[in-house]
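*Asks:* Got a predicted structure here, sequence first:
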Amino acid sequence: MLTATTRVLVAVVAVLMLVGGLGLLTLGPAGASGLWLVVVAAAILVALAIERNRYRSEDAERSFESAGPGGGEPAGRLEPRFRRTEEAFVDPTTGTTMRVFLDGRTGERRYVAER
């Protein structure tokens, strides 16, 4: 899970790698190693674009709020339309018990760490 600051730093490094790799490629056969920089930088940028934090809603992702415990929704941030369910599970990475909340009208699910 990357914080907003970490995402920006990784993106800056990837862009510098991309520019450096493209610069090396302009040197012709001598700059063939620049191809690896371009490929790796492009892969990093694509990963940053599609990376999603665990158990987070799209709203929470777009707002760049820090994740709640266990990677779920921030505590106290659920809309009233979400109702607590009996469904819970233990996140295998953090060992945090996550509770499922459900919007009965749309079927949308949200995950919140249990205290």
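*Replies:* Noted; the coordinates are in hand.

*Asks:* Low-confidence bits of the protein, can you list those?
*Replies:* Within the chain, the ranges that satisfy pLDDT under 70 run 1-4, 52-71, 75.

*Asks:* where along it do the helices fall?
*Replies:* Along the chain, the stretches classed as helices by DSSP state H are 4-25, 34-50, 58-63.

*Asks:* hey, which strand is longest across the chain?
*Replies:* Among the segments of the chain that qualify as a strand by DSSP state E, the longest is strand 83-90.

*Asks:* Work out the gap between that one and the centre of the chain.
*Replies:* Centroid separation for strand 83-90 versus its chain: 23 Å, with Cα atoms, centre = their mean, to the nearest Å.

*Asks:* Next: stretch 93-101.
*Replies:* 17 Å.

*Asks:* cool, stretch 105-115 as well?
*Replies:* 18 Å.

*Asks:* now stretch 37-47
*Replies:* Distance of stretch 37-47 from the chain centroid (Cα atoms, centre = their mean) equals 16 Å.

*Asks:* mind listing what's buried in it?
*Replies:* Along stretch 37-47, these residues count as buried under the neighbour rule (16 or more other Cβ atoms under 10 Å): 37-38, 41, 44. From N, CA and C alone the C-beta is placed, and that goes for glycine too.

*Asks:* I'd like these written out as TSV, with distance to Ala113 added.
*Replies:* Listed next are the buried residues of stretch 37-47 as TSV, based on distance: Cβ to Cβ, whole Å:
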residue	distance to Ala113
Leu37	40
Val38	40
Ala41	35
Ile44	29
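
*Asks:* just to revisit the earlier point, how about residues contacting the longest strand of the chain?
*Replies:* With Cβ atoms under 8 Å, 6 or more residues apart in numbering as the test, strand 83-90 has contacts from 96-104, 114.

*Asks:* ok, so of the buried residues of stretch 37-47, who is nearest Thr26?
*Replies:* Proximity of the buried residues of stretch 37-47 to Thr26 (Cβ to Cβ) peaks at Val38, which lies at 11.5 Å.
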